[in-house]
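*Asks:* Just a sequence and a predicted model for now, questions to come.
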Amino acid sequence: MASSNTGGVRPMTITGRMVRERERLTNMTPEERAWRAQWLKDQILSHNEPRYVPEYWKERRNPIRRFYRAPLDMVKKVLTPVVGPNWAQSIRFWSGKIALSAFAVYAGAYYFKYNQNDWTRKGGWRVIHSRTAVVPGDEGYPNFPQRSGPADYAARGFKQSPI
């Protein structure tokens, strides 16, 4: 069973039967007209809404999350008077994503560079390069490795080591 936003209770409309224009044009009592006018006034937000309540956001985020968000929150606080709240939030959001992506790329490059699978270790990524395609008539045809014996197979760079 799918979950619902109302917890299984059927939602109640706050507009009533006056949501349809035809209902509003016919059979409206003066009380309903007053209710409709008040309802339309209530839909207009104040000029200072939505309100930002710092205590709400402090309670909503746990201390660990506040700690790792603090650097970019300080950047956002500095940028808000300069570029406005929407641009400051966008810069804060995308700079965090770009920083995490750059860290992932650098960490992957470091791992592949310094944790290669060679004869000195069992683990690590083994990167195998394919030979270049050579057809008859090209220089270097036929292109196959020259192996002197069984020790050349699965050497994993042992013969090229300076030891």
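*Replies:* Happy to help now that I have it. Numbering: from 1, shown residues only.
*Asks:* And stretch 48-60, how far out from the chain middle?
*Replies:* From the chain centre to the centre of stretch 48-60 is a distance of 24 Å (C-alpha atoms, centre = their mean, to the nearest Å).
*Asks:* what's in contact with that stretch?
*Replies:* Residues outside stretch 48-60 that contact it (C-beta atoms under 8 Å, 6 or more residues apart in numbering) are residue 66. C-betas here are computed from N, CA, C, even on glycine.
*Asks:* what residue is smack in the middle of the chain?
*Replies:* For the chain, the residue whose C-alpha lies nearest the mean C-alpha position (C-alpha atoms, centre = their mean) is residue 97; its distance is 6.7 Å.
*Asks:* That one: which element?
*Replies:* Assigning secondary structure by DSSP states H and E places residue 97 in helix 85-114.
*Asks:* and that helix, what other elements does it pack with?
*Replies:* Applying 3 or more C-beta pairs under 8 Å, 6 or more residues apart in numbering; DSSP states H and E, one finds that helix 85-114 contacts helix 63-83.
*Asks:* tally of neighbours for residue 72?
*Replies:* By other C-beta atoms under 10 Å, the residues close to residue 72 number 15.
*Asks:* separation between it and residue 142?
*Replies:* Residue 72 sits 58 Å away from residue 142 when distances are taken as C-beta to C-beta, to the nearest Å.
*Asks:* in the helix or strand bottoming out on mean pLDDT in the chain, what's buried?
*Replies:* Of the helices and strands making up the chain, the lowest-confidence element is helix 21-25, at a mean of 77, by mean pLDDT, DSSP states H and E. Of the residues in helix 21-25, none has enough neighbours to count as buried (16 or more other C-beta atoms under 10 Å).
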